[in-house]
Every structure is written in C-alpha cells, then in structure tokens.
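# Provide a 3D model corresponding to the input given below.
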Amino acid sequence: MVIDVAAYELVLRDARLMHTAGPADIGVRDGRIVAIEPVGALSGVEVIDVEGRLVTGAFVDGHVHLDKSYLWEMSNFAGKVAGEFFDELRAYKSAGSAEHVADRMRRAVQSAALCGTGTLRAQIDVDDVIGLAHLRAALALRDECAPYLRLQVVVFPQEGVVGNPAAGEIVEEALRVGADVMGGAHGFDRAATNAEHYAACFALAERFDVDVDVHLDFDSTPEQPLSEWDIWQIARLTAEHAWQGRVTVAHLTQHGQLDPEARRALVDLMLANDISLTVVPGAELYGARCWAHPPIDDVRQVTADYTDLIRAGVRLSYAGGHLADAFHPFGAGDLLTDGLLLASARNLGDPTIGGTHVLDLGTSIAAQSARLPGPHGTVIGALADLIVFDAPDADTALRHQSDRWLVLHHGRPVATTRTTKELLV
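Below is the predicted model of the structure:
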C-alpha cells in the first residue's frame, strides 16, 4: 500500500542506509525524516530516485579555524610555521583584513557544503589585535549560509584571556554579541596557569550559558602526573559547573603515548564527565612533521589511540580543522578525505575504528558532540541533513572518495557533484 502523498514533502526512493540491510524509501517532512519504509511504499510532493545509492547523515565538521582558511595561498604566509607564522598573522590582522577574511570564510563554507557538510563549528580568533572584526564577519556569515549550512561560532582566544586582560575583555564581548561556544587554549595564555585559563573559560561559559570547546595540543606530557594535565583541569571544572555533556576537547594527542593505567584513568575522567573528543588527523600529522622540533615520525606520539578511546565509550569524532593554512596545507574542507586519512594514519586502512565506521565518526557521532537536536543519522526523527553518495555502501564511498551525488539541508537539495569519467581510447 502506498502511503498518502500529502504526508511527505520529499521522498528519497531506493536508498541504501549504513545500518539497514535492504533498500528503503525515506520520507521527509518539516526538515526531518518522518518515515523509512520498503521501496515503493512512500509517495510525496517530490520524489527523487537515488537508485540504490548510499544515504547518510550530513557531515558535521566540529573543529575548523575558519578565519585562517587559505592563508597558505598568500605569499606572505606560505612556508611559515611556529613563531614566524604567528608574527605574520598579527601583522595581517593589524592591517585590518576583515573583508578579506569574510571572503575566505565564505569560500571555505561553500566548499564544505559542496562536500556534504551540514554543520560546521568555526573557531574564530578573538583578541586585542583584531578585536571582534573576524567574529562579526563570522556571525554575518552564520546568517548568510543558514539556507545550506548550520554555522556554530566558537570564541577562540588567540592571544589569551587571563594573562592578557585587554584580550580577556574582548573575549567576553564576543559572547555578549552572539557567539555560540566558548573556546580555549592554555598554550596561548602565556601569563596564566592551565587552571587559571580554563577556570576563566568555564566562568564565561556559565555566565553566557554556552558550551565549551577547548584545544589540548601539546600542553601536557606523558611524564607529568595526570593531575597536572589540562584534561584533569577541564574534567574538574566540568563537574564544578555541572557542564557534563557540554564540553568538547580537541586533539588530546598525548593519549597515544600513555601507559595502560594512565590511559584508563584519562578515559574514566572523560566518561565520568561526559566530555567529547574531536581529533583532527590532518593538522595533527602535519604539525608533527613541520611544527615539532625535531620532527616526529612515530604516529603514536602525535595522535590519540582512537581505537582505545572508542572501545572505552568516549564520544570521539573527527574534523578537518584547517583549509590550506600553516597547520594543514592540504586541507580541503572535505570530511570524506579526512576520514580516509584518519583510517589510514592510525587504523592502517580499516574503515572501522573500535567497531565504529569512520563515516559515523564524521556524521552521527559528530552531531552528538555538536549537540545538534537528535536523534542523528538516517533514523526517524533525525534532521534531514543528508548526503547521497554515488556509491552503494560506506566502504566504497570512503575507498573511492565518491561524489556527493546530492546533499540535502533541512530536507532541501542544496548541492550536487556528479563527475563524468570516460576513457577515450
């Protein structure tokens, strides 16, 4: 029996789902999936036959330094890392670059949408060099791109909070004018201890009722007791502020070097306080080669042990982090490419990590970390932010880096890539 046409604004016919055996019709209404039935059971105002292609939730890129996108393409930035890069960045920001920044951010957001990203969490510099110029540009872009991508704006205190009072005042103003998330990075707060820095970040988050999303790059070492690690401070503050489920940490690269007992203690901290982890494989690997002194060649020293964390129950997702900048010159804003890098770098090419498919780590699990209204993925009630891959299954999509045959945002088609290849002999 065919169900009433009026019930569905859109039907994706003959879709393959990641965790369902057979093909199905997907019915969409009011921007959400409201029905999944056998092929031919649904009719709608618009029916798109996807002809057995894989349909997943849209990518959620949970950690992108959007205002640094494409800096590597500028001659004054290319090839510069570490202190040289940050000196050039301050000079660039001091010159008043807001319009140029807005153009680069727009280009990056549009590129991400074309690749199937439906939500992007953008880390935006807020400091006493640029003030709120980058943040205001990001807030304007948040409204502009809303028809095709959801943008979450994170306050990233590039010049500190506690150790730089002038910057701290601007960070507070950024939350007052409408930023979505409070960021943090102790390494840039030069005059503050890690406890002081993160305490200030959590105090602001509680005051403005926003989530917390902080960097954990190389501020802690395996030789230190866990009580001195940034993650310990963050877990303590999460409990004190009752911010469980609202905290994400990025990188945690030192985890891969820990002994089993320390790993277990770290995992217990994260689980007890419901802290999410975002890993950024492209930036973490490139940073090991071009930012570390001397360069690091052992992947275990520069990445978390993803398998260990996922099996233990930590909510782990991956992100692109950077688009063509000093932290990842090859970043392109395509989470399918970053997913292949993730699988290759630490899991030696296996499309699953700790029993979870890489595509789930960039879609439904990343959506949980970003606290999008659930449920997530291709299930009834989920947002109809969807990707139709030009592939019959997830392994094929990842291996062949398949076209995003169709991308939907809130149940509306917003992008397509359909590459034609032809042998001419």
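# roughly how far does Val154 sit from Asp67?
11 Å (C-beta to C-beta, to the nearest Å). In short, each C-beta sits where N, CA and C put it, glycine included.
# okay, and the common contacts of the two?
Ala122, Ile124 (C-beta atoms under 8 Å, 6 or more residues apart in numbering).
# which residues does Lys39 contact?
If you look again at residue 39, you'll see it is Val, not Lys. Counting by C-beta under 8 Å, 6+ apart, Val39 has contacts Arg13, Asp14, Pro23, Ala24, Asp25.
# state the helix or strand in which it lies.
Of the helices and strands defined by DSSP states H and E, none includes Val39.
# next, the buried residues of stretch 349-361.
Pro351, Thr352, Ile353, Gly354, Thr356, His357, Val358, Leu359, Asp360, Leu361 (16 or more other C-beta atoms under 10 Å).
# among these, which pair sits farthest apart?
Using C-beta to C-beta, the two most remote members of the buried residues of stretch 349-361 are Gly354 and Leu359, lying 14.1 Å apart.
# contacting residues around the spatially most central residue of the chain?
Centroid-nearest residue in the chain: Gly62, 1.9 Å away (criterion: C-alpha atoms, centre = their mean). Applying C-beta under 8 Å, 6+ apart to Gly62 gives the contacts Thr119, Arg121, Asp213, Thr248, Thr278, Ser317, Ala319, Ala366, Ser369, Ala370.
# quick check: the fourth one touching His215?
No - Thr248 is not in contact with His215 according to C-beta atoms under 8 Å; the separation is 10.3 Å.
# follow-up on the earlier one: among the contacts of Val39, which are located in strands?
Arg13, Asp14, Ala24, Asp25 (DSSP state E).
# most neighbours among those residues, which one is it?
Asp25 (25 neighbours; other C-beta atoms under 10 Å).
# quick one: contacts for that one?
11-15, 35-42.
# tell me, which helix in this protein spans the most residues?
Ordering each helix of the chain by length in residues (DSSP state H) puts helix 98-114 first.
# got the buried residues for it?
Ala98, Val101, Ala102, Arg104, Met105, Arg106, Ala108, Val109, Ser111, Ala112, Ala113, Leu114.
# mind telling me the two of the ones in strands among the contacts of Val39 farthest from one another?
Arg13 and Ala24 (8.9 Å).
# so what touches the worst-scoring helix or strand of the chain on mean pLDDT?
Within the chain, no helix or strand scores below helix 281-290, which has a mean of 85 by mean pLDDT, DSSP states H and E. Residues outside helix 281-290 that contact it (C-beta under 8 Å, 6+ apart): 81, 217, 251, 253, 295-297, 299, 301-303, 318, 320-322, 327-331, 338, 341-342, 345-346.
# just the element for Ala174, please.
helix 165-176.
# contact partners of that helix?
So helix 165-176 is contacted by 126-128, 131-132, 135, 155, 157, 159-162, 182, 200, 204, 207-208, 210 (C-beta under 8 Å, 6+ apart).
# next one: stretch 95-103
Asp67, Ile130, Ala133, His134, Arg136, Ala137, Ala140, Leu141.
# ok, 10 Å please
66-71, 74, 89, 91-93, 104, 124-125, 130-138, 140-141, 144 (C-beta atoms under 10 Å, 6 or more residues apart in numbering).
# Glu88: what secondary structure?
Secondary structure for Glu88, judged by DSSP: H, G, I helix; E, B strand; the rest coil, is helix.
# when you give positions from now on, start the count at 50
Sure, I'll start counting at 50 from here, so that last one is Glu137.
# neighbours of it, how many?
16.
# so how far is Ser143 from it?
For Glu137, the distance to Ser143 - C-beta to C-beta - is 11 Å.
# before we move on, what about Cys250?
25 Å.
# between the two, which one's more packed in?
Cys250 (26 against 10).
# what's the burial count for the closest residue to the more buried one other than its chain neighbours?
Computed as C-beta to C-beta, 6 or more residues apart in numbering, the closest residue to Cys250 that is not its neighbour in sequence is Gly233, at 4.0 Å. By the criterion of other C-beta under 10 Å, Gly233 has 30 neighbours.
# what of the one 10 residues further on?
Look at Asn243: counted by other C-beta under 10 Å, it has 21 neighbours.
# what's the closest non-adjacent residue to it?
Closest to Asn243 by C-beta to C-beta, 6+ apart is His235, at 4.4 Å.
# residues touching that neighbour, list them.
For His235, the contacting residues are 206, 209-212, 241-247, 250, 263-266, 268-269, 279, 282-283, by C-beta under 10 Å, 6+ apart.
# tell me the SS of Asp346?
Counting by three-state DSSP, the backbone at Asp346 sits in coil.
# ok, it - how many residues close by?
10.
# and what of Ala394?
18.
# thought it was touching Asp354?
No - applying C-beta atoms under 10 Å as the test, Ala394 and Asp354 come out as separate, 11.8 Å apart.
# would you state the helices of the stretch 50-199 of the chain in chain order?
Ranges of helices in the stretch 50-199 of the chain, per DSSP state H, counting those that start in this stretch, are 131-143, 147-163, 182-193.
# okay, now the unreliable bits of the stretch 150-299 of the chain?
266-268 (pLDDT under 70).
# in stretch 368-383, what counts as buried?
368-378, 380-383.
# what of stretch 198-215?
Neighbour-count burial for stretch 198-215 [16+ other C-beta under 10 Å]: 198-213.
# residues of stretch 271-283 that come out buried?
Result for stretch 271-283 [16+ other C-beta under 10 Å]: buried residues Trp278, Asp279, Ile280, Trp281, Gln282, Ile283.
# the closest residue to the first one other than its chain neighbours: how many residues sit nearby?
In space, not counting the residues next to it along the chain, Trp278 is nearest to Ser269; the distance is 4.0 Å by C-beta to C-beta, 6+ apart. Residues near Ser269, counting by other C-beta under 10 Å, number 22.
# go on, Val226?
Quick note: Val226 (other C-beta under 10 Å) scores 10 neighbours.
# now do the same contact list for it.
Leu181, Leu184, Arg185, Leu188.
# between these, which has the most around it?
That'd be Leu184 among the contacts of Val226, by other C-beta under 10 Å, with 28 neighbours.
# wait, that residue sits on Val230?
No - judged on C-beta under 10 Å, Leu184 makes no contact with Val230 at a distance of 11.8 Å.
# which neighbours do these two share?
Ala171, Ile173, Val202, Val203, Val204, Phe205, Leu224.
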